[in-house]
Each structure stands twice: as structure tokens, then as C-alpha cells.
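> Turn this into a model:
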Amino acid sequence: MEQKLILTIRETAKEFNFPEFAVRTLVKRKAFPVIRVGTRTYITREIFENFVRSGGER
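Reported below is the predicted structural model:
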């Protein structure tokens, strides 16, 4: 199955085995860039993977 490049917060939490509230908190703290469309927030898989790999450092 092909991996999606852009994920919702819920998809990101499920894909990376993170609590959804933790991903939402990171988004609110602007820990990494996100894409906002109206009220929706999308996370680029590559950016989140790099964020996790680097231990949360920018």
C-alpha cells in the first residue's frame, strides 16, 4: 500500500504510534511546520519523521 505524503493529526498519531493529544500539543507549540487549510491542519510525513528522528530538535 502506498504511503500518504500529507497526514491529518489523527492519521499522524496513528501512523507514528503517538497519542493524538501529544501531536496536537506539538502543533500548537509550532514544533514543526504544518499546512493549514481553513480549520484543518495537515502534517507532511517527511517533516514529522525528521522531527521524531532528531529527538524533537528543529
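> Residue 57 and residue 18: what is the separation?
Look at residue 57 and residue 18: by Cβ to Cβ, to the nearest Å, they are 17 Å apart. In this view, the C-beta of every residue, glycine as well, is placed from N, C-alpha and C.
> any idea how far residue 23 is from residue 13?
5 Å.
> If you could redo that for residue 15, that was the one I meant.
In terms of Cβ to Cβ, residue 15 sits 10 Å off from residue 23.
> Could you do residue 54 as well?
From residue 54 to residue 23 the distance is 16 Å (Cβ to Cβ).
> on that earlier part again, and residue 13 and residue 23? which has more neighbours close in?
residue 23 (23 against 18; other Cβ atoms under 10 Å).
> Let's verify that one: helix, strand, or coil?
Judged by DSSP: H, G, I helix; E, B strand; the rest coil, the three-state class of residue 23 is helix.
> ok, now which ones touch it?
9, 12, 13, 43 (Cβ atoms under 8 Å, 6 or more residues apart in numbering).
> Who does the most centrally placed residue in the chain form a beta bridge with?
The chain has residue 43 as the residue nearest its centroid, 4.3 Å off, counting by Cα atoms, centre = their mean. Beta-bridge pairing for residue 43 (DSSP bridges): residue 7.
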